[in-house]
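> Structural data only, the sequence is not supplied:
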């Protein structure tokens with residue numbers, strides 16, 4: 001009976017995840033185009049990746065983007081959640097809605113909003129630069145400004161979900177613990193360090209892991225904001241796979257890059273999980 005109940009899920013999971021993953025690994029050892037068969041080339045696709053400048057740029061940009069977004073975005077959301085948790089009633093609901101609203105926007109709308117805001121010629125931000133006496137900057141056409149700008153936009157766009165997770169964790173902490181701390185005349189910092197932070201660490205570890213996986217697969221924002229700029233300098237790993245597969249018709253090399261990204265995501269996620277477990281044990 002149990003096998004019959006589990007069988008549909010196992011079948012669907014195998015069809016939409018296991019089989020495509022196996023095929024991805026198989027194609028990565030061939031010189032196949034995007035559509036069609038190819039001949040077996042062994043590890044040639046993998047060997048060519050490490051000597052290619054565009055792949056190295058994509059690998060570095062992905063790591064740089066993760067560095068700019070994962071930890072800053074997580075702790076920004078935590079700080080906002082702490083502030084919202086102190087509010088009450090309709091005001092709390094209104095402020096939470098303001099922070100969550102960007103999360104439900106499609107990436108195309110996010111692109112239009114920020115392209116309009118940071119446009120070199122007529123963007124609102126550029127008029128503020130003029131008032132402050134700062135030279136205008138073509139943000140999305142400058143290699144040094146591009147990744148920090150997209151990272152800031154990504155944090156603004158995705159923080160709402162993390163804020164909800166942190167709020168759920170904060171509301172799960174029994175009020176009696178804080179009342180006992182208040183009776184002991186514990187300071188705000190001591191209460192946070194000894195009560196809030198240890199009890200919120202599992203949620204923080206979860207948000208860090210989710211953000212790490214999501215930001216390593218960054219593509220949409222980079223693709224859209226690179227329009228009319230220097231896309232080869234702003235490459236990330238998924239963008240590199242897209243170029244190889246859909247623009248160069250090199251399915252085998254695209255599959256090899258996708259396998260490398262898959263292994264990196266799995267490896268980094270496992271390491272992050274182990275580090276968060278060790279940190280939790282140390283906090284105790």
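Looks like it came in fine. On a predicted model such as this, the values are computed, not experimentally measured, just so you know.

> Could you report the separation of the residue nearest to residue 107 when sequence neighbours are not counted from residue 105?
On the basis of C-beta to C-beta, 6 or more residues apart in numbering, the spatially nearest residue to residue 107 that is not a chain neighbour turns out to be residue 220, at 4.3 Å. Backbone N, C-alpha and C define where each C-beta goes, glycine included. As for residue 220, its distance to residue 105 is 12 Å (criterion: C-beta to C-beta, to the nearest Å).

> same thing with residue 7?
The separation that residue 7 has from residue 105, given C-beta to C-beta, amounts to 39 Å.

> So which of those two has more stuff around it?
Here residue 7 and residue 105 are compared on neighbour count by other C-beta atoms under 10 Å; more neighbours surround residue 105, at 14 against 10.

> Quick one: residues contacting the more buried one.
Contact partners of residue 105, counting by C-beta atoms under 8 Å, 6 or more residues apart in numbering, are 113, 157.

> backbone phi and psi for it, please?
Main-chain dihedrals, residue 105, degrees, to the nearest 10: phi -80, psi 140.

> With residue 51 instead?
In terms of degrees, to the nearest 10, the main-chain angles of residue 51 are phi -100, psi 0.

> And for it, the neighbour number?
When counting by other C-beta under 10 Å, one arrives at 8 neighbours for residue 51.

> Please apply the same query to residue 35.
Look at residue 35: counted by other C-beta under 10 Å, it has 8 neighbours.

> Same question for residue 268.
Based on other C-beta under 10 Å, the number of other residues close to residue 268 is 16.

> and what of residue 110?
Using other C-beta under 10 Å: residue 110 sits among 21 other residues.

> Skip the chain neighbours and tell me the closest residue to it.
Using C-beta to C-beta, 6+ apart and skipping residues adjacent in sequence, the residue nearest residue 110 is residue 157, 5.2 Å away.

> For residue 54, give me its contacts.
232, 235, 240, 243.

> Mind checking which of those residues land in helices?
For the contacts of residue 54, membership in helices holds for residue 240, with DSSP state H as the criterion.

> Give me the buried subset of the contacts of residue 54.
235, 240, 243 (16 or more other C-beta atoms under 10 Å).

> from the residues you listed, which is closest to residue 271?
Distances from residue 271 to the buried ones among the contacts of residue 54, taken as C-beta to C-beta, are shortest for residue 240 (22.8 Å).

> measure the closest one to residue 254 for me?
Counting by C-beta to C-beta, the separation of residue 240 from residue 254 is 8 Å.

> Also residue 113?
As judged by C-beta to C-beta, residue 113 and residue 254 stand 31 Å apart.

> Residue 224 against residue 111, yeah?
Yes. Using C-beta atoms under 8 Å as the test, residue 224 is close enough to residue 111 to be in contact (4.3 Å).

> in the stretch 1-150 of the chain, which spans are helices?
In the stretch 1-150 of the chain, the segments counted as helices under DSSP state H, counting those that start in this stretch are 2-13, 19-27, 44-50, 53-85, 89-100, 107-117, 124-132, 143-172.
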